[in-house]
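1. prediction below, plus the sequence it came from.
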Amino acid sequence: MQYDLIVIGSGPGGYVAAIRAAQLGMNTAVIEKESLGGICLNWGCIPTKALLKSAQVFDYIQHAEEYGIKVGNSKADFTAIVQRSRSVADGMSKGVQFLMRKNKITVISGTGALVPGNKVSVAGADGKITEYSAKHILIATGGRAKQLPNLPIDGEKVIEYRKAMTLEKQPKSMVVVGAGAIGVEFAYFYRALGTEVTIVEFLEQGLLPREDADVSKELAKLYAKKGMKILANTSVESVDTKGKGCAVLVKNRKTGATETIQCEVVLSAAGVTPNTENIGLEKVGVKTDRGMIEVDSFYRTNIPGIYAIGDVVPGPALAHVASAEGIICVEKIAGHHPEPLDYNNIPSCTYCSPEVASVGYTEEAAKAAGYELKVGKFPFSASGKASASGDKSGFVKVIFDAKYGEFLGAHLVGQNVTEMIAEVVAARKLETTGHEMIKTVHPHPTMSEAIMEAAAAAYGEVIHL
């Protein structure tokens, strides 16, 4: 019952931290109340990508003749698509089980809570409570869907992302509230399968409001072509679910005009909130700020021996961020000297179609920070690989400091750009300049050439425009 490290939560932050701790010689245990892998593997990153891939394949089939291929009448089997997604998630969770065994990590099933004296109490499914002790305790309990006051989730007509992945039948119409990554991904999935989709976003920028403004505009244009209705700078005033479907009353925040949208289902996709309730923070005196646990750059709380990572601490609520934080945290515990995480070099990816990927400063943020800029943009309409692939939508936009050539940021929208962004992350980590990017030979024909071409455009040296 005595461990070097106990991790509460087995998501991409918790299980990665546990494995790294075991590699460093710590006797480690993980507490998980549901399935190993947490939200990411079971209800987030992985199963949603399976759904999106099915939608993309169906989309390809609908346009097969554009590739010189004739197919008969095709139909999306919604139930089979959902089942495939769940099967992929189950396989990934079993993979984490294997990793736990391989690294000799104890898995404790139940709900964990902090107890004074560097202890964790675990309530099992049978109600039995067992206490465990550890020199170090890491909180990695993740987050859940945020609830809006005017949008009560009933799990039937007003749903959140979990239910959206397991609906019994495909709705004919849907209102998606929130145009962040979760909202635009589900909007694409359901629209590709034939659902009428309306997206409502509170912020003025519209789709993906935290991305560069040029990316938001491009994605909005492409989504409109797909037949989606987008209402930016709009609030949801109320939802009436008394009838057969839903009546969603929305108001334009600029003009004050209201309208009522009829739909079968409303998807609340307004972000996530941290799971910091009922885990004993107040019992041991761990400080929080608006529900977030306060930590230093190595994820130490104000209480010695207690740490926190992932969605429960300030910062981007992203799986790869939680994993990086977990590794840094346990390496510091083990006496190593890891560098603090550079939160300005975290890639952001949205897996709609076309995809969106970005890292670093937006153009607006770079100007606000006082930089003089060189900005380059290269459209995929000028890319040979994009033309051959049959989808020339989108672009690569890069931003450099005009004085020293520092690579400030990159913003990509197009097919497979989530696979391209790591080049920019590595380049920024290595402090690569604009001229070095131009002189980095890229293979032809590839989508990645657009990064080199965009850099050349920033310095007036672009060849293929």
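-> Received it, and whenever you're ready, just let me know what you need.
2. show me the contact partners of stretch 205-224.
-> 179-181, 184, 187-188, 191, 199, 201, 203, 230, 232-233, 348, 350, 352, 354, 356, 358, 362-364, 377, 393-395, 397, 409, 411-413 (CB atoms under 8 Å, 6 or more residues apart in numbering). Yep, even glycine has a C-beta here, placed from its N, CA and C like the rest.
3. narrow those residues to those that are buried.
-> Listed as buried from the contacts of stretch 205-224 are 179-181, 184, 187-188, 191, 199, 201, 203, 230, 232-233, 348, 350, 352, 354, 356, 358, 362-363, 377, 393-395, 397, 409, 411-413; burial here means 16 or more other CB atoms under 10 Å.
4. inside strands: which ones of those?
-> Using DSSP state E, 199, 230, 348, 350, 356, 358, 377, 395, 397, 409, 411-413 are the members of the buried ones among the contacts of stretch 205-224 that sit in strands.
5. need those residues in a markdown table (columns: distance to residue 53 and pLDDT).
-> Formatted as a markdown table, these follow (distance: CB to CB, whole Å; pLDDT from 0 to 100):
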| residue | distance to residue 53 | pLDDT |
| --- | --- | --- |
| 199 | 21 | 98 |
| 230 | 24 | 97 |
| 348 | 20 | 97 |
| 350 | 15 | 97 |
| 356 | 16 | 98 |
| 358 | 22 | 98 |
| 377 | 29 | 98 |
| 395 | 24 | 98 |
| 397 | 26 | 98 |
| 409 | 28 | 98 |
| 411 | 24 | 98 |
| 412 | 19 | 98 |
| 413 | 19 | 98 |
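6. any idea how far the residue lying closest to residue 64 once chain neighbours are set aside lies from residue 60?
-> In space, residue 64 comes closest to residue 71 once its chain neighbours are excluded; the distance is 4.9 Å by CB to CB, 6 or more residues apart in numbering. Separation of residue 71 from residue 60 (CB to CB, to the nearest Å) stands at 10 Å.
7. before we move on, back to that, and the residue nearest to residue 64, how many neighbours?
-> Residue 71 has 10 neighbours, counted by other CB atoms under 10 Å.
8. need the longest helix for the protein.
-> helix 78-102 (DSSP state H).
9. so which elements touch it?
-> Packed against helix 78-102 by the contact rule (3 or more CB pairs under 8 Å, 6 or more residues apart in numbering; DSSP states H and E) you find helix 14-23, helix 38-43, helix 45-62.
10. buried sites along it?
-> Under the neighbour-count criterion of 16+ other CB under 10 Å, helix 78-102 has 78, 81, 82, 84, 85, 88, 89, 92, 93, 96, 99, 100 buried.
11. using TSV, lay out these together with pLDDT and distance to residue 146.
-> Converted to TSV, the buried residues of helix 78-102 look like this (pLDDT from 0 to 100; distance: CB to CB, whole Å):
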residue	pLDDT	distance to residue 146
78	97	27
81	97	26
82	96	24
84	97	28
85	97	23
88	96	26
89	95	22
92	95	25
93	94	25
96	96	26
99	97	30
100	97	30
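12. out of those, who's nearest residue 41?
-> residue 92 (4.4 Å; CB to CB).
13. before we move on, what SS does the nearest residue to residue 275 once chain neighbours are set aside have?
-> Spatial nearest neighbour of residue 275, excluding adjacent residues (CB to CB, 6+ apart): residue 141 at 4.2 Å. Classification of residue 141 by DSSP: H, G, I helix; E, B strand; the rest coil places it in coil.
14. before we move on, the earlier item: the buried residues of helix 78-102: which two are farthest apart?
-> Using CB to CB, the pair of the buried residues of helix 78-102 lying farthest apart is 78 and 100, separated by 33.8 Å.
15. can you check the pLDDT for residue 182?
-> Reported pLDDT at residue 182 in the predicted model: 96.
16. show me what contacts the nearest residue to it once chain neighbours are set aside?
-> In space, and not counting its chain neighbours, residue 182 is closest to residue 269: 4.3 Å by CB to CB, 6+ apart. Contacts for residue 269 (CB under 8 Å, 6+ apart) come out as 145, 160, 161, 176, 177, 178, 179, 180, 182, 183, 186.
17. and which of those is nearest residue 258?
-> Using CB to CB, the shortest approach to residue 258 within these belongs to residue 177, at 15.5 Å.
18. the closest one bridge partners, please.
-> In this entry, residue 177 is beta-bridged to residue 200, residue 268, by DSSP bridges.
19. any idea how many residues pack against it?
-> By other CB under 10 Å, 26 other residues sit near residue 177.
20. for residue 23, same thing?
-> Neighbour tally, residue 23, other CB under 10 Å: 14.
21. what do you get for residue 305?
-> 16.
22. that one touches residue 135, doesn't it?
-> Yes - at 6.4 Å, residue 305 counts as touching residue 135 under the criterion of CB atoms under 8 Å.
23. what is in contact with the two at once?
-> Between them, residue 305 and residue 135 share the contacting residues residue 118, judged by CB under 8 Å, 6+ apart.
24. still on that earlier bit, out of the helices and strands packed on helix 78-102, nearest to residue 294?
-> Proximity to residue 294 (CB to CB) singles out helix 14-23 among those, at 18.7 Å.
25. what's the closest one packed up against?
-> strand 2-8, strand 28-32, helix 78-102, helix 319-333.
26. format those as JSON lines; extra columns: distance to residue 171.
-> Output for these, formatted as JSON lines (distance: least, CB to CB, whole Å):
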{"stretch": "strand 2-8", "distance to residue 171": "36"}
{"stretch": "strand 28-32", "distance to residue 171": "32"}
{"stretch": "helix 78-102", "distance to residue 171": "10"}
{"stretch": "helix 319-333", "distance to residue 171": "28"}
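27. picking that back up, among the contacts of residue 269, show me the least confident.
-> Among these, residue 145 carries the lowest pLDDT, at 89.
28. how many other residues sit next to it?
-> 23.
29. what's the answer for the one 5 residues further on, then?
-> Residues lying near residue 150 (other CB under 10 Å) number 12.
30. going along the chain, name the helices of the stretch 301-450 of the chain.
-> With DSSP state H, counting those that start in this stretch as the criterion, the stretch 301-450 of the chain has helices at 319-333, 363-368, 384-389, 421-429, 434-438, 449-458.
31. out of those, nearest to residue 403?
-> Using CB to CB, the helices of the stretch 301-450 of the chain put helix 434-438 closest to residue 403, at 11.3 Å.
32. tell me the mean pLDDT over the closest one?
-> For helix 434-438, the mean pLDDT works out to 96.
33. buried residues in stretch 30-38?
-> By 16+ other CB under 10 Å, the buried positions in stretch 30-38 come out as 30, 31, 32, 33, 35, 36, 37, 38.
34. how does this protein divide into domains?
-> Domain assignment for the chain, taken from automatic domain parsing, gives 2-144+273-343, 158-270, 354-458.
35. what's the closest of those domains to residue 151?
-> Using CB to CB, these put domain 158-270 closest to residue 151, at 5.2 Å.
36. now do that closest one: distance to the chain's middle.
-> Centroid separation for domain 158-270 versus its chain: 18 Å, with CA atoms, centre = their mean, to the nearest Å.
37. so who does the residue nearest to residue 275 touch?
-> 8, 9, 274, 275, 276, 279, 310, 311, 312.
38. please tell me I have it right and the third one contacts residue 290.
-> No - with contacts defined as CB under 8 Å, residue 274 does not count as touching residue 290, sitting 9.3 Å away.
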